[in-house]
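**Q** mind folding the following:
(one chain, ligands or ions: 1)
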Amino acid sequence: MIRVSFSSLLSLTALVIAATALATTAAPAPPKAPASTAAPSPTTTPTPPTAKLPPPTIFPAPGTYSNTTSLSLRDEVPGTEIHYTWDGTEPTASSPLYDQHEVLFIEGVYDGDKGLRTDHTLRAVATKGGMAPSEPVTFSYKIERRDRTAYLAEEVAPGVRMIRDSDNDKMFLVRGSKRFALIDSGMGRGDLRNYLSQFTGGLPLVVIFTHSHGDHIGQADQFIAQSTEYVGAGDRDVTADFLQKHGATRGQIASHLKTVTDGSKVDLGDRALEIVTIRGHTPGSIVILDPESGNLFTGDTVGNNSNLPPDVLWMQGLTYSLDQYFAAVRTGRKLLGDRVKLIMTGHNDRPLVGTAYLDNLEAALQRAMDEGNEALIPSYRPQGLKQIVVGDRLTDPNWFGINVNAQTFLPAPRDQIASLTLIDLQGATLTTRFTSTNHDYKAIVKGSGPITIAAMPASSRVQSLTVNDETVQAGTPVDISFKGKRDVALITVTAHDGQTTDSYRVILSR
Ligand SMILES: [Zn+2]
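**A** So this is what the prediction gives:
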């Protein structure tokens, strides 16, 4: 795959920034040149030639790609229209008009399992009233699809091999001293088990599925007879159905398909991988932490930000409000603590370094709660949906996007949001995991040290947050150590409207 150089990205961004700056200052249109139907008198100076528009630019750069790719056309002059053709003919003002909210897809195609090579020629011209059209510009692309039976592998971190199927879905093979873990199994149609055997040196393999979508459990049937397969409890039925449809016996599924939840460990010999659940993308979505290396394997659980095509966290199917996912993310991050060093998603081409990506995810969820519909912009993919984006996809490796269900993403009108997204105890442990919809909890006190509680509302616009009637700051721990009868923490949120309230109760016991 051709890689777009950083400098070309930078120059493109500079153009986009320049265009944005010009657009916001809204320069008045230049006066139109006088009509020149009358024959000029010999003393009139000739009309200066009309300024010519620069040609459109494109992202990503022309070249060869292995997968369906999406093209974005840009022009540095604000108010410019870009027209394009695919058939090689010269584009004119009457050719199809490019919509800046869309991307143009060039598809990779198969003949059965055979990947085909396709050539695509996009020609584009910039037009604008009062200016001369640009020179037409030609962008040429090749898509060379891998066969559906083919895989690619590369070591992306010590002991971690990223495997791609023909659709570039990512799987990870993680080496342990006694066994390997395969995280997800892609959607390909090749002999994956045999392909992986070249890397495992005869050691056994366990499989962990981040979730039960087809591009992540696609070859699960190849491993179930000989390996244990682990999946989040909420995704077990879908995975079992898939296995059964692909020839696994009931006995194999009953004895080899196991569910995992918060704190579950998958032993690799020298260390164990840890499971944290983050429900949302699917009911059983999990992330997998290697505590030794700080590698976090996330599938689609916290989304991805693949550029080509512009892929984001798919939550458009969510039938409940996003504050519940927000709570799952915040509690999940508390469980992970500060141990994450690299994030390996199901669709990013490279590991994401650090946790800025997760910060941007939280920023997007916060915008959903605080800005409501005003945070939504048209989605690139699938078109017709709404999404929230934090950061610039062309320049920021940690940009984040989320497709939302515009009907259900808010728990209440924006000014009435009073739910919590986190209860964090120190010195005591909740007996059930926090969710924004459960209002009653028990907590077991550990040791005799101080007990503190911190709470985070879903909306940062709430009017007040109290613990046992004392006003507290969002996220700041306050002491609730046993003081006689004071064995209950009552957290009350008053929404921005000053009227709507929501309360959560934690009963402490030893
Ligand atoms: Zn996926």
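
**Q** in three-state terms, label Gln324 for me.
**A** helix (DSSP: H, G, I helix; E, B strand; the rest coil).

**Q** so the closest residue to it other than its chain neighbours, which state does it fall into?
**A** Distances taken as C-beta to C-beta, 6 or more residues apart in numbering put Ser436 closest to Gln324, at 5.3 Å, once the chain neighbours are dropped. C-beta here means a position set from N, CA and C on the backbone, and glycine is covered the same way. Following three-state DSSP, we place Ser436 in the coil state.

**Q** my guess is Ser436 contacts Ile417, does it?
**A** No - using C-beta atoms under 8 Å, Ser436 is not in contact with Ile417; the gap is 10.1 Å.

**Q** overlap in contacts, those two.
**A** Listed contacts common to Ser436 and Ile417 are Asp323, Pro411, Ala458; contacts here mean C-beta atoms under 8 Å, 6 or more residues apart in numbering.

**Q** need the buried ones from those residues selected in PyMOL.
**A** In PyMOL syntax, the buried subset of the shared contacts of Ser436 and Ile417 is picked out as below (16 or more other C-beta atoms under 10 Å):
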select buried, resi 323+411+458
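
**Q** using CSV, lay out the shared contacts of Ser436 and Ile417 together with pLDDT.
**A** Shown next, in CSV, are the shared contacts of Ser436 and Ile417 (pLDDT from 0 to 100):
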residue, pLDDT
Asp323, 98
Pro411, 98
Ala458, 98
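
**Q** which among the shared contacts of Ser436 and Ile417 gets closest to the ion?
**A** Asp323 (23.8 Å; C-beta to the ion).

**Q** give me the beta-bridge partners of the closest residue to the ion within the stretch 401-510 of the chain?
**A** Residue of the stretch 401-510 of the chain nearest the ion, by C-beta to the ion: Asn403 (12.8 Å). When bridges are taken as DSSP bridges, the partners of Asn403 come out as Trp314, Gln387.

**Q** those residues of the stretch 251-400 of the chain touching the ion, which are they?
**A** Asp300, Gly346 (C-beta under 5 Å from the ion).

**Q** let me fix that, I meant to ask about the chain.
**A** So far as C-beta under 5 Å from the ion goes, the chain lies against the ion at Asp215, Asp300, Gly346.

**Q** burial count for the first one?
**A** Around Asp215 sit 21 other residues, with neighbours defined as other C-beta atoms under 10 Å.

**Q** go on, the last one?
**A** By the criterion of other C-beta under 10 Å, Gly346 has 27 neighbours.

**Q** so who does the nearest residue to it once chain neighbours are set aside touch?
**A** Once flanking residues are discounted, Gly346 sits nearest to Gly299: 4.4 Å by C-beta to C-beta, 6+ apart. Going by C-beta under 8 Å, 6+ apart, Gly299 touches Ile183, Asp184, Phe209, Thr210, His211, His216, His281, Ser285, Ile286, Val287, Thr345, Gly346.

**Q** looking at these, spot the one nearest the ion.
**A** Gly346 (4.4 Å).

**Q** who does the strand ranked longest in the chain pair up with?
**A** Using DSSP state E, we find that the single longest strand of the chain is strand 117-127. Within its sheet, strand 117-127 is paired with strand 81-85 (antiparallel), strand 137-144 (antiparallel), according to DSSP bridges.
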